[in-house]
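In: Mind looking at a prediction? Sequence and model below.
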Amino acid sequence: MSKSLDGYKVAVLAVDGFEQAELDEPKRALSEAGATVHVISEKAGTIQGFRHVDKGDAVAVDTTFDKASASDYDAVVLPGGVVNGDAIRVLPQAQAFVKAADAAHKPIAVICHGGWLPVSAGIIKGRTITSWPSLQDDIRNAGGTWVDKEVVEDGNLISSRKPDDIPAFNRTLIAQLSKRKAA
């Protein structure tokens, strides 16, 4: 496989309760494309994944919000999971990380319930995004336009609805990063 993202660093922001596939599969795809991927959370150690409502695997945390800076990364991935999405959206350090990445026009790739963090960070107004359908009211109330599509790219914001969309989500994120590297 081409190592088109050699030298790129991607932050995956998550806490306990993330949807397993929505963290693992983008992390694997980005790593295979040559990117360095760091899982960033509120606490050191490991965070617990879920496969919908069933307990999944724990994932090692590479660094914590208080030690990480969006300026050190080329992109941000926000996996879903109801518990993860609801818990991470209220963390001021997670909100600040997403705001800083958006202000720097870095790709922010969000899937499923991961959309709650950009809503709470205040970066959705005037943007088109998809998510798990239950987030559509939150997105509209935040001034965004919600659509039901496999993947949506609105500037630096990439979004998908659910685990079935991960292949398109990964392709779109890697393509956007590859274009930026070529520019």
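Out: That came in fine, so what should we check first?

In: who's in contact with the closest residue to S31 other than its chain neighbours?
Out: Of all residues not flanking S31 in the chain, V37 sits nearest, at 5.5 Å (CB to CB, 6 or more residues apart in numbering). Just so you know, the C-beta spots here come from the backbone N, C-alpha and C atoms, and that holds for glycine as well. Going by CB atoms under 8 Å, 6 or more residues apart in numbering, V37 touches K9, V10, A11, V12, K27, L30, S31, V77.

In: Three-state assignment for V37, please.
Out: Under DSSP: H, G, I helix; E, B strand; the rest coil, the three-state class of V37 is strand.

In: Please tell me how far it sits from A60.
Out: In this view, V37 and A60 are 11 Å apart by CB to CB, to the nearest Å.

In: And the average pLDDT for the helix ranked longest in the chain is what?
Out: Identified as the longest helix of the chain according to DSSP state H is helix 166-182. Averaged across helix 166-182, the pLDDT comes to 93.

In: And stretch 135-150, by the same measure?
Out: 98.

In: sorry, back to before: tell me which two in the contacts of V37 are the farthest apart.
Out: Using CB to CB, the pair of these lying farthest apart is A11 and S31, separated by 13.4 Å.

In: what's the nearest residue to the residue nearest the centre of the chain if we skip its chain neighbours?
Out: Geometric centre of the chain, nearest residue: L78, 1.8 Å, by CA atoms, centre = their mean. The shortest distance from L78 to any non-neighbouring residue, by CB to CB, 6+ apart, is to G114 (3.6 Å).

In: just the buried members of the contacts of V37?
Out: V10, A11, V12, K27, L30, V77 (16 or more other CB atoms under 10 Å).
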